[in-house]
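*Asks:* Predicted coordinates and the sequence they were generated for:
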Amino acid sequence: MRKSIVSLLALALVAGLNLLSAPAASAAAYCGQVWGSLAKSADGFSAGYVTNVRAGQHTCYDRLVLDVSAPVAGWSVQYVDVVTQDGSGFPVHVDGGARLAVVAHAGVDTDNVPFVSGQRLVNTSSYRTFRDVVWAGSFEGYTTVGLGVRARLPFRVFALAGPGGGSRLVVDVGHQWCATGTTC
């Protein structure tokens, strides 16, 4: 009996030590990014117009910027199977392994529309993640840009004030999900 109790206590001690040991290494976020790939949005409308679309490359992500002539209050960004043209719903061809529909709750100046539906807006040939940036149109205060990326990757969306009385809608798409050498 005494031998059974000692054996049972030894077994409990081993089990307890296993609980106290460090867990297996988990996936490390790439560049500290914890963005995810689900739809992101903010409610509100802007009295301004989309005046420019541009992009830039960073160490950990590629960035798309929509310049708006007033504060941008609302947007919707999500992965879609097909980017559609505002108003008509016609499909807009966007290259890439995955597509983001970037919708700013701001129109364009109809007297000075700087874009044509289906127009390529940025040369993405040297970008690590972006594959295409295409104008999908503007209708009744909603403006859509199709953003083609190489795969479904994490992204974030936010607005920045300025310059002047304007603002910028920013979409950053990470180059990868996890840090090199880790498993997601």
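*Replies:* Thanks, I have the structure now. Computed from a prediction, not measured in an experiment: that's the story for all the values here.

*Asks:* Which pLDDT does the model give the residue most central in space within the chain?
*Replies:* Closest to where the C-alpha atoms of the chain average out (CA atoms, centre = their mean) is residue 155, at 2.4 Å. If you check residue 155, the pLDDT there is 96.

*Asks:* got the contact list for the closest residue to it other than its chain neighbours?
*Replies:* Spatial nearest neighbour of residue 155, chain neighbours left out: residue 173 (4.5 Å); criterion: CB to CB, 6 or more residues apart in numbering. C-betas here are computed from N, CA, C, even on glycine. Neighbouring residues of residue 173 by CB atoms under 8 Å, 6 or more residues apart in numbering: 61, 62, 63, 64, 100, 129, 130, 147, 149, 153, 154, 155.

*Asks:* secondary structure class for the closest residue to residue 165 other than its chain neighbours?
*Replies:* Using CB to CB, 6+ apart and skipping the chain neighbours, the partner closest in space to residue 165 is residue 70 (6.2 Å). Put simply, residue 70 is coil when judged by DSSP: H, G, I helix; E, B strand; the rest coil.

*Asks:* Backbone dihedrals for residue 70, please?
*Replies:* Per-residue torsions, residue 70: phi -150, psi 170 (degrees, to the nearest 10).

*Asks:* again, but for residue 132
*Replies:* When quoted as degrees, to the nearest 10, the phi and psi of residue 132 stand at phi -170, psi 150.

*Asks:* So for it, what's the nearest residue that isn't a sequence neighbour?
*Replies:* Residue 132 sits nearest to residue 148 (CB to CB, 6+ apart), 3.4 Å away.

*Asks:* From residue 177, how far out is the closest residue to residue 154 other than its chain neighbours?
*Replies:* Excluding the flanking residues, the one nearest residue 154 by CB to CB, 6+ apart is residue 35, at 3.9 Å. The gap separating residue 35 from residue 177 is 10 Å, by CB to CB, to the nearest Å.

*Asks:* So for these two, which residues contact both of them?
*Replies:* Going by CB under 8 Å, 6+ apart, residues that sit against residue 35 and also against residue 177 are residue 154.

*Asks:* where are the low-confidence patches of this protein?
*Replies:* Where the chain drops to pLDDT under 70, the residues are 1-29, 112-114, 179-184.

*Asks:* what ranges do the strands span in it?
*Replies:* 40-42, 50-57, 61-68, 75-80, 83-84, 91-92, 98-104, 130-139, 142-149, 155-161, 167-174 (DSSP state E).

*Asks:* Any chance of those strands in TSV with distance to residue 30 as columns?
*Replies:* As requested, these are arranged in TSV below (distance: least, CB to CB, whole Å):
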stretch	distance to residue 30
strand 40-42	18
strand 50-57	16
strand 61-68	9
strand 75-80	18
strand 83-84	26
strand 91-92	30
strand 98-104	17
strand 130-139	16
strand 142-149	15
strand 155-161	12
strand 167-174	6
